[in-house]
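J.: Structure for this input, please:
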Amino acid sequence: MKSLRNVKIVATLGPASNDYETIRALFEAGANVFRLNMSHGDHEEIRARHAIIRQVEKDTGRPIAILADLQGPKLRCGVFANGPHELKDGAVFRLDLDAAEGDATRVQLPHPEIFAALEPGATLLVNDGKIRLEVLECGADFADCKVIAGGSISNRKGVNVPDVVLPLAALSEKDRKDLEFVCQLGVDWLALSFVQRAEDVTEARDLAKGRAAILSKIEKPTAVKCFEEILAASDGIMVARGDLGVELPVHAVPPIQKRLVRRCRAAAKPVIVATQMLESMIESPVPTRAEVSDVATAIYEGADAVMLSAESAAGGYPVEAVTTMHNVALEVESDPTYRDIMQSTRNVTRSTVADGIVASAREIAETADIAAICCFTQSGTTAALVARERPRVPIIAITPLVGVARRMSLTWGTNCYITGEVTRFKMAVVSAARAARDAGFATENDFIVVTAGVPFNVQGTTNIIRVAPCDERLIISTDLE
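T.: Next up, the predicted model:
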C-alpha cells in the first residue's frame, strides 16, 4: 500500500489499455484513478473495463477509484456538399436551421437553443477555435456572421459559443442513460461536462442519488465566472484546459488554472489538472521538456491529481506515460521549494472543531518525530481536511467503507486502508498502528498521530486527537479511554 508520491495520477482507458495486463501495469506504474470516457465505447466495452479494474483491485488488495466522464451536449454544424470549403477572412457566412447541404456561404446549425441565446457581437468558434465568427445579425433560426479568422470547414465540426450562457442542460439524453448505467455498475466519481452553473451540478447529484461523487469539469468561461457556486455544489473539480483554451485566449488559461487549484485546496475538495499534459507521448516514448515542465507546474501548484487522456487511452506508450508522470512527481515533491510553496499557500480559514483537529495533527506531526497521520473517516471529509494541510508526513485514511476508500484515492497524499467497524477509541488506535506498520510507513518503535470522531461511525464528528506508539502492546497496556 505504501506510496512515496502525494499527487495522484488519473489514467484514461481506451483501445491502447483494454486488457488486464495493461491496466494492471498502469496501476503498478502509479495510476490511482482510471477514467472511463463515455464519449468513446459502448456500454459493454465500459462494463468490461470496469470489471478488469475491479479484478486488479482485488488482486492487488488496494482501493482503486473509477471515474466515469460523461460526454455532455455536443454542438456541431451540419454537412457540406462537395467536401470541405474555405472560409475567407472578412466574408459573410450564415448558420441556420435549414437541413440542406452547406457551401462556402452557409451551413446548418441544428441547435435552435443557440440562436435563442445569440446577440449581435457574439463570437462563434468552429473546429476547436480554428475558425472565428462574429455575429452581425441573428434571429430565431439564423445567424449571419463575419469571418474574423477563416479556414477550412467540413462536416459536423464542433461549435463553441463562449460569450453567452446557453439554455442547455449539462446532461443530454445520452448522458442521463450513461449516468444511470455507470451508477448501477458501480463507479466512484462522475465527471460532468458542459457545466455552466451550479444548477447543472445539482441536477446530476439528484440523478446519482449518492451512488457516486460529482466532479465538475471547468471548460467554459461561464463556469469560470460562476466558479464559487459550482465549487460549493461539487465534490471535486477538473480543470479541463483544452476546452478552456478554445473558448478563452490561451494566455488566460494558466492564471485561471492556478486560481482554481488554490480555491479547491482551500475548500478541501480534490482538483484534477487535465488535457495535453504529455501529448507527445501518444507517439513518442519520451515527452518534451515543456510537457514535463507543465506536469511539474501543476504539482507545484498543489493539484490533487494530474491526468492522462489519449496518452494512456490510445497512445503507443501508455505505461511509459504513467511512469513519466510518477517520476516527475517524485522529483518535484522531493524539492525543498515544493515544501516551501505548500507551506506558504496554506491559507485556510478555520472555523470548526474538525479544522482545528487536523491543523493540530499536522503541527504535532511536523514538530515531533511522528511517522504518519492516521485519520478515521466515515465520509472522507476528515481525510480531505488533513490533505488540505499538505503535511510533510504520510496520511493514512482509515475507513470501514470500501466506496469511501475508493473515492479518497483521488485526494492528495491519502493512503487508504479498509478496516472493520470500530466502536471504541482504543481499538481505533490499535487499528491505526497496525495500518501504519502494514503500509510500511512505521515500525513498532515509531509514533503516529490519530484523529477520529466520537461517537464512531457518524459523519462530521472529528473531535479527538492522540499521539500513540505503533507498538500494540504499549497501546493495550495504556489506559486511553
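
J.: what about the helices in the stretch 101-250 of the chain?
T.: Counting by DSSP state H, counting those that start in this stretch, the stretch 101-250 of the chain has helices at residues 112-117, 173-185, 198-208, 221-225, 227-233, 241-247.

J.: Let's have those helices in a markdown table, adding mean neighbour count.
T.: All C-beta atoms are positioned from the backbone trio N, CA, C, and that covers glycine. Converted to a markdown table, the helices of the stretch 101-250 of the chain look like this (neighbours: other Cβ atoms under 10 Å):
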| stretch | mean neighbour count |
| --- | --- |
| helix 112-117 | 16 |
| helix 173-185 | 17 |
| helix 198-208 | 18 |
| helix 221-225 | 20 |
| helix 227-233 | 17 |
| helix 241-247 | 20 |
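
J.: which one of the ones you listed lies closest to R263?
T.: For R263, the closest of these is helix 227-233, at 6.2 Å, according to Cβ to Cβ.

J.: what packs against that closest one?
T.: Where contact means 3 or more Cβ pairs under 8 Å, 6 or more residues apart in numbering; DSSP states H and E, helix 227-233 is packed against helix 198-208, strand 213-218, helix 253-266.

J.: The ones you listed: which one's closest to G380?
T.: With Cβ to Cβ as the criterion, G380 lies closest to strand 213-218 of the helices and strands packed on helix 227-233, at 8.6 Å.

J.: partner strands of the closest one, parallel or antiparallel?
T.: In the sheet, strand 213-218 lines up against strand 189-192 (parallel), strand 236-240 (parallel) (DSSP bridges).

J.: I'd like the next helix or strand past the lengthiest helix in the chain.
T.: Longest among the helix segments of the chain by residue count, using DSSP state H, is helix 43-60. Using DSSP states H and E, the helix or strand that directly follows helix 43-60 along the chain is strand 65-69.

J.: Taking helix 43-60 as reference, get the angle to that following strand.
T.: With axes from the mean of the first three to the mean of the last three Cα atoms, to 10 degrees defining the directions, strand 65-69 sits at 160 degrees from helix 43-60.

J.: other SSEs contacting the helix or strand following strand 65-69?
T.: Using DSSP H and E, the helix or strand that follows strand 65-69 towards the C-terminus is strand 85-87. Secondary-structure packing of strand 85-87 (3+ Cβ pairs under 8 Å, 6+ apart): strand 151-153.

J.: which residues touch the strand it packs on?
T.: Strand 151-153 is contacted from outside by 77, 80, 84-87, 107, 126-127, 130-131, using Cβ atoms under 8 Å, 6 or more residues apart in numbering.

J.: again, only using 7 Å
T.: Applying Cβ atoms under 7 Å, 6 or more residues apart in numbering, the contact partners of strand 151-153 are 84-87, 126-127, 130-131.

J.: any low-confidence regions in the chain?
T.: 1-2, 457, 460, 475-481 (pLDDT under 70).

J.: domain parsing for it?
T.: By the assignment in automatic domain parsing, the chain contains the domains 8-73+170-332, 85-160, 353-476.

J.: hang on, the earlier thing: and the two most separated of the contacts of strand 151-153?
T.: Largest separation among the contacts of strand 151-153 by Cβ to Cβ: H85 and K130, giving 13.7 Å.

J.: where do the helices sit along the stretch 251-400 of the chain?
T.: With DSSP H, counting those that start in this stretch as the criterion, the stretch 251-400 of the chain has helices at 253-266, 289-300, 310-313, 318-333, 336-344, 353-367, 381-388.

J.: Quick check: which of those is nearest to K58?
T.: Among the helices of the stretch 251-400 of the chain, helix 318-333 comes nearest to K58, with 20.6 Å by Cβ to Cβ.

J.: can I get the strands paired with strand 213-218 in a markdown table with distance to V273 and mean neighbour count?
T.: Converted to a markdown table, the strands paired with strand 213-218 look like this (distance: least, Cβ to Cβ, whole Å; neighbours: other Cβ atoms under 10 Å):
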| stretch | distance to V273 | mean neighbour count |
| --- | --- | --- |
| strand 189-192 | 13 | 27 |
| strand 236-240 | 5 | 27 |
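
J.: Now render these as a markdown table, adding distance to L474.
T.: A markdown table is the format used below for the strands paired with strand 213-218 (distance: least, Cβ to Cβ, whole Å):
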| stretch | distance to L474 |
| --- | --- |
| strand 189-192 | 40 |
| strand 236-240 | 39 |
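
J.: Minimum distance to R473: which of the helices of the stretch 251-400 of the chain has it?
T.: R473 lies closest, by Cβ to Cβ, to one member of these: helix 353-367, at 22.9 Å.

J.: And that closest one, what's buried?
T.: Neighbour-count burial for helix 353-367, counted by 16 or more other Cβ atoms under 10 Å, picks out 354-355, 357-359, 361-362, 364-365.

J.: For it, which outside residues touch it?
T.: With contacts defined as Cβ under 7 Å, 6+ apart, helix 353-367 is touched by 350, 370, 373, 382, 385-386, 389, 391-393, 449, 451, 462-463, 465, 467.

J.: ok, of these, which come out buried?
T.: By neighbour count, with 16+ other Cβ under 10 Å, the contacts of helix 353-367 hold 370, 373, 382, 385-386, 389, 391, 393, 449, 451, 462, 465 as buried.

J.: about what we covered before: dump the domains of the chain into CSV; add distance to R339 as well.
T.: Below are the domains of the chain laid out as CSV (distance: least, Cβ to Cβ, whole Å):
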stretch, distance to R339
domain 8-73+170-332, 10
domain 85-160, 39
domain 353-476, 7
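
J.: if we can go back for a sec, looking at the helices of the stretch 251-400 of the chain, which is nearest to A442?
T.: With respect to A442, and counting by Cβ to Cβ, the nearest of the helices of the stretch 251-400 of the chain is helix 353-367 at 11.9 Å.

J.: Dump the closest one to PDB, restricted to CA.
T.: This file holds the C-alpha atoms of helix 353-367, laid out as PDB (Å, rounded to 0.1, in the frame of the first residue of the first chain):
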ATOM      1  CA  VAL A 353     -13.600  21.700  15.600                       C
ATOM      2  CA  ALA A 354     -12.500  19.400  12.700                       C
ATOM      3  CA  ASP A 355     -10.400  22.300  11.200                       C
ATOM      4  CA  GLY A 356      -8.600  22.700  14.500                       C
ATOM      5  CA  ILE A 357      -8.100  19.000  15.000                       C
ATOM      6  CA  VAL A 358      -6.400  18.400  11.600                       C
ATOM      7  CA  ALA A 359      -4.300  21.600  11.800                       C
ATOM      8  CA  SER A 360      -3.100  20.400  15.200                       C
ATOM      9  CA  ALA A 361      -2.400  17.000  13.800                       C
ATOM     10  CA  ARG A 362      -0.100  18.500  11.100                       C
ATOM     11  CA  GLU A 363       1.700  20.800  13.600                       C
ATOM     12  CA  ILE A 364       2.300  17.900  16.000                       C
ATOM     13  CA  ALA A 365       3.500  15.600  13.200                       C
ATOM     14  CA  GLU A 366       5.900  18.200  11.900                       C
ATOM     15  CA  THR A 367       7.200  19.300  15.300                       C
END
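
J.: Numbering from 831 from now on, please.
T.: Yep, numbering from 831; the last one is helix 1183-1197 now.

J.: Any idea how far that helix is from the middle of the chain?
T.: Distance of helix 1183-1197 from the chain centroid (Cα atoms, centre = their mean, to the nearest Å) equals 26 Å.

J.: That helix relative to helix 1211-1218, how many degrees between them?
T.: With the same axes, to 10 degrees applied, the angle from helix 1183-1197 to helix 1211-1218 works out at 50 degrees.

J.: Identify the residues contacting A1272.
T.: A1272 makes contacts with 1201-1202, 1266, 1278, 1300, as judged by Cβ under 7 Å, 6+ apart.
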